[in-house]
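1. I'd like to go over a predicted model; first the sequence, then the structure.
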Amino acid sequence: MRNVLVGVCMVIAGAAAAQDTQYLSADGGLFSYEKNRHGAVLKSVDPSGGSLLAGTSGRSVVAPGNALYLGRSCDAFSLQFGDGRWSATDGGFLVEFPGVQVVFPGQEIDVVSRNRCRG
């Protein structure tokens, strides 16, 4: 019985360790995170969250699977919004495109050193 209990605990611990890093935007959008040699990709994974608000329309314009590409030189890109910038702040980080701002409060992202993309 003890061996079974130890085995179950190891499986649970392994599953928890294997969970992907996720980020939550200020307006409740959930994003997966994948780092690559060019920077990182934040992909919308939460269809119920209003992840990106365009201008003052107040309506969600992101669909699950849409991505924000964050470059190592503080540049950003989105198929929906085009070219933009991202920056680290004392209270999190933000991604900006013309007319659109996505804020990730209280979270850090490890694309580059913290001071390199200071806003």
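-> On my side now, so go ahead. These numbers were taken from a predicted model, which means no experiment stands behind them. Numbering: from 1, shown residues only.

2. list the buried ones in stretch 24-34?
-> The neighbour-count check on stretch 24-34 (16 or more other Cβ atoms under 10 Å) flags 24-25, 29-33 as buried. Bear in mind the C-beta positions are built from the backbone N, C-alpha and C, glycine included.

3. can you check stretch 65-84 too?
-> For stretch 65-84, by 16+ other Cβ under 10 Å, it's 66-71, 74, 76-78, 81, 84.

4. now stretch 80-98
-> Neighbour counts over stretch 80-98 (16+ other Cβ under 10 Å) mark 81, 84-86, 88, 92-97 as buried.

5. could you pull out the helices for this structure?
-> Per DSSP state H, the chain carries helices over the ranges 2-17.

6. Just send the buried residues of stretch 65-84 back as TSV, with distance to residue 42 too.
-> Formatted as TSV, the buried residues of stretch 65-84 follow (distance: Cβ to Cβ, whole Å):
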residue	distance to residue 42
66	10
67	7
68	4
69	8
70	7
71	12
74	15
76	9
77	11
78	10
81	13
84	12
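
7. from those, which is closest to residue 111?
-> Distance to residue 111 across the buried residues of stretch 65-84 (Cβ to Cβ) is lowest for residue 70, with 5.3 Å.

8. Please name the bridge partners of that closest one.
-> Beta-bridge partners of residue 70, counted by DSSP bridges, are residue 40, residue 76.

9. contacting residues for it?
-> By Cβ atoms under 8 Å, 6 or more residues apart in numbering, the contact list for residue 70 reads 39-42, 76, 86, 95, 109, 111.

10. And the strands in this protein?
-> Ranges of strands within the chain are 22-24, 30-36, 39-44, 67-71, 75-78, 82-89, 92-97, 100-105, based on DSSP state E.

11. tilt between the third one and strand 100-105?
-> Note on geometry: by axes from the mean of the first three to the mean of the last three Cα atoms, to 10 degrees, strand 39-44 and strand 100-105 are set 100 degrees apart in direction.

12. Going by neighbour count, which residues of strand 39-44 are buried?
-> Neighbour counts over strand 39-44 (16+ other Cβ under 10 Å) mark 39-44 as buried.

13. Brilliant, that's me finished.
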